[in-house]
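A.B. asks: I need the structure of the sequence given here:
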Amino acid sequence: MVTLIPTDAEDPAELRGALVRALDGGPALGFGMVSGTPEHVPDGTAAVIATSGSSGIPKRVVLSGEALRASAAATAARIGAGRWLLALPAGYVAGLQVLVRSVLAGTEPAVLQGRFSPDAFADATLLMLRPSTGGEAGGDGLYTSLVPAQLATLLDAADRSIAVRAALQAYRAILVGGQALPEPLRDRAADLGAKLVRTYGSTETSGGCVYDGVPLDTVAVRTVDGELRIAGPMLADGYLGDGELTARTFTRDEHGIRWYHTGDLGLIEDGVVRVHGRADNVIVSGGINISLDRVERLVRQVPGLHDAVVVAVEDTRWGEASVIVAVRGEVLRRSESEQLAHARDLVAAELGRHARPARLIVVDELAVLPSGKPDREAIRRTVAELH
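C.D. replies: As a prediction, the model looks like this:
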């Protein structure tokens with residue numbers, strides 16, 4: 001057994017040193033731990049990350065040093081190695097993996113000063129572009145990892161800032177994950193010359209393990225009853241203190257291969273993984289199952305609704321219905337009724353008339369989690385009060 005030490009992850013430089021020790025046998029790092037009292041975890045554990053995932057139920061995911069290394073090595077094999085910019089909280093798996101990849105590449109990660117902003121991103125990138133005097137090893141490419149909300153902020157700023165535009169163009173690869181990447185954002189980035197890599201994965205897979213729909217070299221993906229399942233050396237050991245959940249979520253097949261049940265619906269076509277949405281983010285409207293994730297992806301194609309969130313509400317006629325929630329601003333450049341009609345037409349053409357959102361609600365701001373993802377539960381509560 002090794003000691004698990006709660007970590008606040010506020011100082012990336014100090015955290016990198018602690019991570020090196022954790023990857024080398026301990027003590028292990030605990031992120032998001034409620035208690036400040038050290039615990040003991042199985043040998044080989046490098047990190048435990050507390051996450052509520054998409055279900056809202058708290059879980060403590062146990063990640064071994066072997067799993068974190070395997071993930072980082074698979075990423076380097078796919079996109080190359082070099083210097084990384086840490087633009088996400090290190091207490092989340094995407095941020096932690098920036099540090100792990102830096103450790104394996106033998107480089108020091110760059111860190112944003114203060115809160116995330118386009119200026120801070122541009123300044124940090126400029127410093128990385130300057131010739132190094134430290135003789136760092138590991139390749140000369142620049143890399144970073146973002147969530148779609150950060151990317152949207154940078155693209156908006158790039159329209160008026162040469163520095164931000166140049167910074168986005170400087171990276172060999174910008175990993176974008178945490179939630180679905182709206183097509184309009186991807187198109188805008190491509191027009192700008194930013195090299196995006198859409199990632200799919202979770203804390204249970206040590207971060208992204210499918211890049212642009214293609215599993216990393218050491219990853220296997222299959223579907224069982226429509227659910228995506230993942231196998232590979234980067235899988236978590238399970239959930240700390242919850243053997244029952246671990247047994248349900250990680251199972252072995254007849255060949256002894258261990259699979260992670262993602263809870264996501266999807267399919268695999270010609271080796272490309274296509275994610276349709278959460279199996280548990282489905283409503284039954286008029287007796288027909290509707291994936292809110294699929295509705296949301298279509299809604300986000302409408303100008304002004306690129307960051308919109310689709311949530312469920314009770315409906316006296318149909319039982320349940322979906323509602324679009326968007327931030328005031330872009331929405332007001334066109335009439336709300338026009339945008340709602342556009343969204344409903346897109347959804348009807350792709351999924352059927354029964355899946356059309358019932359309303360468009362405009363708010364001053366969307367509630368978000370510390371990771372930058374929409375706080376869907378808080379948004380649902382707000383809509384329920386308004387509804």
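A.B. asks: Only C-alpha atoms from now on, for both contacts and neighbour counts.
C.D. replies: OK.
A.B. asks: Can you tell me, leaving aside adjacent residues, what's nearest to R222?
C.D. replies: Using CA to CA, 6 or more residues apart in numbering and skipping the chain neighbours, the partner closest in space to R222 is R229 (5.4 Å).
A.B. asks: now swap in D307 and tell me
C.D. replies: R300 (6.4 Å).
A.B. asks: Near the one you found, how many other residues are there?
C.D. replies: 23 (other CA atoms under 10 Å).
A.B. asks: Which parts of the chain are helices?
C.D. replies: Under the criterion DSSP state H, the chain carries helices at the ranges 12-23, 65-79, 93-105, 118-129, 148-158, 162-169, 183-192, 243-249, 292-299, 336-351, 376-386.
A.B. asks: could those be laid out in a markdown table, adding mean pLDDT, distance to T51 and mean neighbour count?
C.D. replies: Compiled in a markdown table, those are given as follows (pLDDT from 0 to 100; distance: least, CA to CA, whole Å; neighbours: other CA atoms under 10 Å):
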| stretch | mean pLDDT | distance to T51 | mean neighbour count |
| --- | --- | --- | --- |
| helix 12-23 | 89 | 19 | 18 |
| helix 65-79 | 98 | 17 | 20 |
| helix 93-105 | 94 | 10 | 24 |
| helix 118-129 | 94 | 26 | 18 |
| helix 148-158 | 91 | 19 | 19 |
| helix 162-169 | 97 | 30 | 20 |
| helix 183-192 | 91 | 27 | 15 |
| helix 243-249 | 96 | 14 | 13 |
| helix 292-299 | 91 | 20 | 24 |
| helix 336-351 | 91 | 32 | 17 |
| helix 376-386 | 85 | 15 | 14 |
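A.B. asks: Among the ones you listed, single out whichever gets nearest to H276.
C.D. replies: helix 292-299 (5.9 Å; CA to CA).
A.B. asks: Send me the closest one as CSV with only the CA atoms.
C.D. replies: Included here for helix 292-299 are C-alpha records, laid out as CSV according to Å, rounded to 0.1, in the frame of the first residue of the first chain:
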residue,chain,number,x,y,z
LEU,A,292,-30.5,15.1,-25.9
ASP,A,293,-26.8,14.9,-26.8
ARG,A,294,-27.7,14.3,-30.5
VAL,A,295,-30.3,17.1,-30.4
GLU,A,296,-27.7,19.4,-28.8
ARG,A,297,-25.1,18.7,-31.5
LEU,A,298,-27.5,19.7,-34.2
VAL,A,299,-28.7,22.8,-32.3
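A.B. asks: what's it in contact with?
C.D. replies: If you take CA atoms under 8 Å, 6 or more residues apart in numbering as the criterion, helix 292-299 is touched by 180, 182, 276-278, 281-283, 305-306, 308-312, 322, 324, 343-344, 346-347, 351, 355-357.
A.B. asks: Which residues are in contact with I361?
C.D. replies: So I361 contacts V323, I324, V325, A326, V383 (CA under 8 Å, 6+ apart).
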